[in-house]
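S.K.: Have a look; sequence and predicted model below, questions after that.
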Amino acid sequence: ARLSENKNLILNHNGEDIIGSVAYFRSCYTPDDYPTEKEWSARLMIERSSAIKAPSISYHLCGTKKVQQVLGDESVLSIFF
């Protein structure tokens, strides 16, 4: 896979280049899911692409325990209200 100049995610399928338009993250929710730099690089390429990401990185982060823990703190929430 690679990114084109206009940020299309180019995938090779049976010797033919195709554009990946959607990236669905069924897993890869924890750092343990990225054991080497290869996996981190692949995720970064997807995030930099124009492909629709489901869930988006924002929703991905909202689901982490640390973000939920911080948002559960009243002093943090008070800055939003």
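M.R.: Great, that's in hand.
S.K.: what about the top helix by length along the chain, average pLDDT?
M.R.: Longest helix in the chain by number of residues (criterion: DSSP state H): helix 37-48. The average pLDDT for helix 37-48 rounds to 95.
S.K.: buried sites along the lowest-mean-pLDDT helix or strand in the chain?
M.R.: Confidence across the helices and strands of the chain bottoms out at helix 57-62, with a mean of 79, counting by mean pLDDT, DSSP states H and E. Neighbour-count burial for helix 57-62, with 16 or more other Cβ atoms under 10 Å as criterion, is recorded at residue 60. Yep, even glycine has a C-beta here, placed from its N, CA and C like the rest.
S.K.: So which bits of the next helix or strand after the longest helix of the chain are buried?
M.R.: Later in the chain than helix 37-48, the nearest helix or strand by DSSP states H and E is strand 52-54. Along strand 52-54, the positions that meet the burial threshold by neighbour count (16+ other Cβ under 10 Å) are residue 53.
S.K.: If I follow the layout properly, residue 48 ends up in contact with residue 4?
M.R.: No. Using Cβ atoms under 8 Å, residue 48 and residue 4 do not qualify as a contacting pair, with a distance of 11.3 Å.
S.K.: tell me the contacts of the residue nearest the centre of the chain?
M.R.: Nearest to the mean C-alpha position of the chain, counting by Cα atoms, centre = their mean, stands residue 57 at 4.7 Å. Under the criterion of Cβ atoms under 8 Å, 6 or more residues apart in numbering, the contact list for residue 57 reads residue 47.
S.K.: residue contacts, residue 34?
M.R.: With contacts defined as Cβ under 8 Å, 6+ apart, residue 34 is in contact with 28, 40, 43.
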